[in-house]
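[1] next comes the sequence, and after it the predicted model I'd like to discuss.
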Amino acid sequence: MGHRVAVPTATVGSNAGVWRGRARFGSRGFTLVELLVVFAIAGLLVGIAPIAFEKLRESSQYRGTLRAVITDLRRAHQLATTEGRAVRFQMDLAQRQFGLQGAVPTALPSALTVRATVGSTELSPRDVASILFLPDGGATGGTFDLVRPSGSGTRLRVDWLTGRVEHQPLAP
């Protein structure tokens, strides 16, 4: 009188999870197509890396130089007003270096083009453009353009009346 019902059961034991003729965790190697794709991607990366690195290096040098010039200009203004003496910032266009007069100069990266517009009394015959910051807060004024190889850059402007240092982007 009793009916028997067949119930499916799961396989448990050492053969569980094994596929017929192949291990559960995949194949034992790569196909030729997979290897060619990997080598093609690696070749592209090796070809692109030097270009990307050079652009990164140029960009880093530009930003670092821009910050250093702005810092030196503002420091000259601060020293002039707090110490009550004239302080000169110099941009040596021939030697490609800048800094406060009497201090160790900082070199300009070779990739940057620098243009200076200063008063005729502030440009020496040796192509040293300078801005003199005065104790009353004023300055002789002028601009320095830092231009990247792409043509873009920044114009740093020192106001002659207030000695304030401002910067604005230059379009290529």
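    Received it, and whenever you're ready, just let me know what you need. What you see is a predicted model, and the numbers here were worked out from it, not measured in a lab.

[2] drop to CA atoms for contacts and neighbour counts, all remaining ones
    OK.

[3] just the strands from this structure, written as ranges.
    Listed in chain order, the strands of the chain (DSSP state E) span 87-92, 97-100, 106-107, 113-118, 128-133, 142-147, 153-158, 165-170.

[4] rebuild these as JSON lines, extending it with mean neighbour count, mean pLDDT and distance to residue 64.
    Converted to JSON lines, these look like this (neighbours: other Cα atoms under 10 Å; pLDDT from 0 to 100; distance: least, Cα to Cα, whole Å):
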{"stretch": "strand 87-92", "mean neighbour count": "23", "mean pLDDT": "97", "distance to residue 64": "16"}
{"stretch": "strand 97-100", "mean neighbour count": "21", "mean pLDDT": "97", "distance to residue 64": "13"}
{"stretch": "strand 106-107", "mean neighbour count": "14", "mean pLDDT": "96", "distance to residue 64": "11"}
{"stretch": "strand 113-118", "mean neighbour count": "17", "mean pLDDT": "96", "distance to residue 64": "15"}
{"stretch": "strand 128-133", "mean neighbour count": "26", "mean pLDDT": "97", "distance to residue 64": "20"}
{"stretch": "strand 142-147", "mean neighbour count": "21", "mean pLDDT": "97", "distance to residue 64": "12"}
{"stretch": "strand 153-158", "mean neighbour count": "21", "mean pLDDT": "97", "distance to residue 64": "13"}
{"stretch": "strand 165-170", "mean neighbour count": "14", "mean pLDDT": "96", "distance to residue 64": "15"}
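
[5] I'd like those laid out as JSON lines, including distance to residue 56.
    As requested, the strands of the chain are exported to JSON lines (distance: least, Cα to Cα, whole Å):
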{"stretch": "strand 87-92", "distance to residue 56": "25"}
{"stretch": "strand 97-100", "distance to residue 56": "22"}
{"stretch": "strand 106-107", "distance to residue 56": "19"}
{"stretch": "strand 113-118", "distance to residue 56": "18"}
{"stretch": "strand 128-133", "distance to residue 56": "29"}
{"stretch": "strand 142-147", "distance to residue 56": "16"}
{"stretch": "strand 153-158", "distance to residue 56": "16"}
{"stretch": "strand 165-170", "distance to residue 56": "19"}
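
[6] among these, which is nearest residue 69?
    strand 97-100 (7.5 Å; Cα to Cα).

[7] quick one: contacts of the closest one?
    69, 72, 76, 87-92, 105-108 (Cα atoms under 8 Å, 6 or more residues apart in numbering).

[8] thanks a lot, catch you later.
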